[in-house]
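Peer 1: Provided below for reference: sequence and predicted model.
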Amino acid sequence: MNKINIDIIQNLIKDEINNYQDQIALDNIGKVIAIGDGIATIYGLKDAMNGELLIFNDNIYGMVMNLEEDTIGAVILGDDNQIYEGDEVRRTGKVVSIPVGKELLGRVIDAIGRPIDGLGEIKCHDSLPIENNAPSIMDRESVNEPLETGIKAIDSMIPIGKGQRELIIGDRQTGKTAIAIDTIINQKDKDVICIYCAIGQKDSTIAHIVEKLKTTDALKYTIIVNASASISAPMQYVAPYAATSIAEYFEKQGKDVLIVYDDLTKHAVAYRSLSLLLKRSPGREAYPGDIFYLHSRLLERACHLNKKLGGGSITALPIIETQEGDISAYIPTNVISITDGQIFLNTDLFNSGQRPAIDSGLSVSRVGSSAQIKAMKEVASSIKIEIANYLELLDFSRFGSDLDQNTKNILRHGAVLMEVLKQKQYSPLKMEDEIVDIFIAQDKLIDDVPIDKIHDTLVNIDMYIHKNIPEVYEEIKNTHILSQENKDKIKQAVINVRTGMQQ
Ligand code: ATP
Ligand code: MG
């Protein structure tokens, strides 16, 4: 009696084990039933998770995006031409991750961390999932340290703080990328790690940027994540999340990170195309319903962590391209509402030679001014309003010829100010140089110089001060203050240079 029972039980257990293995095989290996446009429909991966990494034919990666009753939809993170209907797909049980570490510095990688700069393998010891929850409110600290862009117009009027999200927005070819790259170049010797995430850009543009970063010695602290226009939509979709995970790796070590997303318009377009291919229902402008969440869950990851968590920060500079300056379109308004301010670039200003073409009226920084240093706050406090006055009177003055002296003065000063705020590409300035230039303009020391001579005059004055009274810069650098004594020295320097120039 006892013996029979044991046999039955033994067989039952054996059967169960065999069936269990069959069951696992069925759950972990699926078959491609349709493939095209970087999207695969797969049958059989019953327990696959959303966002899980899949392996096609043992060498191509994919990511689960759609979970349906009998099938799943996955995007291919690689070349879909090598995948055919009937091919085998395996689950990995892991979400899509990216290798992270300081080994990435100075390198160009694709959206899943593979090197694409021809400089050989990158041996990272860690990896992080590409999606991560944003730090909670209690984990954050207020933005209280400036992130210097080295661009006079931005540091004075639209200051950015470490941990802030500041949008760069403008039409095509208005200098959006230029601002981001200059900001990266300006982080030299400032202990800030920079990540430039290119989405849907031309490979030639990226090659040019890499070259520029190399010659300005900025590549060594920069990582470039490139999902160019020639790469599939899924890779473009994944790139900014992966880049942010790399940023978080450094942030958790207490470091300051600057991340540029160039640009999120193309990111939204990539997401729209893969959503439509996955047969998700389209909404406004054919974007899927979760398009706002797409960018909010990305940008919420940028912040300034509190001291307990190491005090690291991620400053995000997303870029958005507008059409005909329309900032009220769907994607621009979404991203404006997610960020802490925007730098708006104006095509007319750009074409008239005002570069960087920052529209001071439409640009704003909602948190950065609390991070501005005292001397800058003092000299720059009225620039925005003075430029607004100037532009308003400029329109008005076109109609009447008889202007009173006060109006003439405002127009004059405004024109000088605009001239002083012009700045060449790839020439970011130190904070102390910016403050001295702005002080000279705002104290009306060069208001009577002809407009076409402003630039040269300012260059001469700067050279003179550097040579004869360098303590002015030292004071600002060390104490963040521009004292009355040094202001007087600057005034005297301006007089000396100008009388010297006239002779
Ligand atoms: P796209 O929409 O094509 O991405 P963009 O808005 O990123 O363009 P950039 O590529 O940065 O614009 O700049 C457009 C052109 O303007 C480039 O040729 C660049 O060299 C030039 N440029 C940008 N900023 C300045 C500047 N401050 N001074 C002079 N030229 C500039
Ligand atoms: Mg650009």
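Peer 2: In hand now; what should we look at? Ligands and ions are numbered 1, 2, ... in the order given.

Peer 1: show me what contacts the nearest residue to residue 224 once chain neighbours are set aside?
Peer 2: Closest residue to residue 224 apart from its sequence neighbours, by CB to CB, 6 or more residues apart in numbering: residue 108 at 4.4 Å. Bear in mind the C-beta positions are built from the backbone N, C-alpha and C, glycine included. Taking CB atoms under 8 Å, 6 or more residues apart in numbering as the criterion, residue 108 is in contact with 115-117, 206, 210, 224, 226.

Peer 1: same thing with residue 437?
Peer 2: 152, 420, 429, 458, 462.

Peer 1: That one falls within a helix, correct?
Peer 2: Yes. Counting by DSSP: H, G, I helix; E, B strand; the rest coil, residue 437 is located in a helix.

Peer 1: so what's it scoring on pLDDT?
Peer 2: With respect to pLDDT, residue 437 has a value of 97.

Peer 1: Please apply the same query to residue 399.
Peer 2: 74.

Peer 1: what about it, how many residues close to it?
Peer 2: Counted with other CB atoms under 10 Å, the neighbours of residue 399 add up to 6.

Peer 1: Now do the same for it: helix, strand or coil?
Peer 2: Under three-state DSSP, residue 399 comes out as coil.

Peer 1: Would you mind listing what in the stretch 401-503 of the chain touches ligand 1?
Peer 2: Residues of the stretch 401-503 of the chain found near ligand 1 (CB under 6 Å from any ligand atom) are 423-425.

Peer 1: ok, of the residues you listed, which one's closest to ligand 1?
Peer 2: Using CB to the nearest ligand atom, residue 425 comes nearest to ligand 1 of these, at 4.0 Å.

Peer 1: element containing the closest residue to that closest one other than its chain neighbours?
Peer 2: Using CB to CB, 6+ apart and skipping residues adjacent in sequence, the residue nearest residue 425 is residue 178, 5.0 Å away. Using DSSP states H and E, residue 178 sits in helix 176-185.

Peer 1: list the helices and strands that helix packs on?
Peer 2: strand 167-170, strand 192-199, helix 203-215, strand 256-262, strand 313-321, strand 341-345 (3 or more CB pairs under 8 Å, 6 or more residues apart in numbering; DSSP states H and E).

Peer 1: export the first one as CSV, just CAs?
Peer 2: Taking C-alpha atoms only, strand 167-170 is exported to CSV below (Å, rounded to 0.1, in the frame of the first residue of the first chain):
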residue,chain,number,x,y,z
LEU,A,167,14.6,75.0,-22.2
ILE,A,168,16.4,76.4,-25.3
ILE,A,169,13.7,77.1,-27.9
GLY,A,170,13.7,78.7,-31.4
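
Peer 1: contacts for that strand?
Peer 2: Outside strand 167-170, the residues touching it (CB under 8 Å, 6+ apart) are 176, 179-180, 317-322, 325, 327, 332, 335-336, 339, 341-347, 357.

Peer 1: switch to 7 Å and redo it
Peer 2: 176, 179-180, 317-320, 322, 327, 332, 335-336, 339, 342-346 (CB atoms under 7 Å, 6 or more residues apart in numbering).

Peer 1: One more: the fourth one?
Peer 2: Contacts to strand 256-262, defined as CB under 7 Å, 6+ apart, come from residues 147, 162, 177, 180, 183-184, 187, 191-199, 201, 240, 243-244, 247, 250-251, 312-319.

Peer 1: hmm, back to that, show me what counts as buried in the helix holding residue 178.
Peer 2: Using 16 or more other CB atoms under 10 Å as the burial criterion, the residues of helix 176-185 that qualify are 176-185.

Peer 1: out of these, who's near ligand 1?
Peer 2: 176-178.

Peer 1: Doesn't residue 41 lie inside a strand?
Peer 2: Yes. When classified by three-state DSSP, residue 41 is found to be part of a strand.
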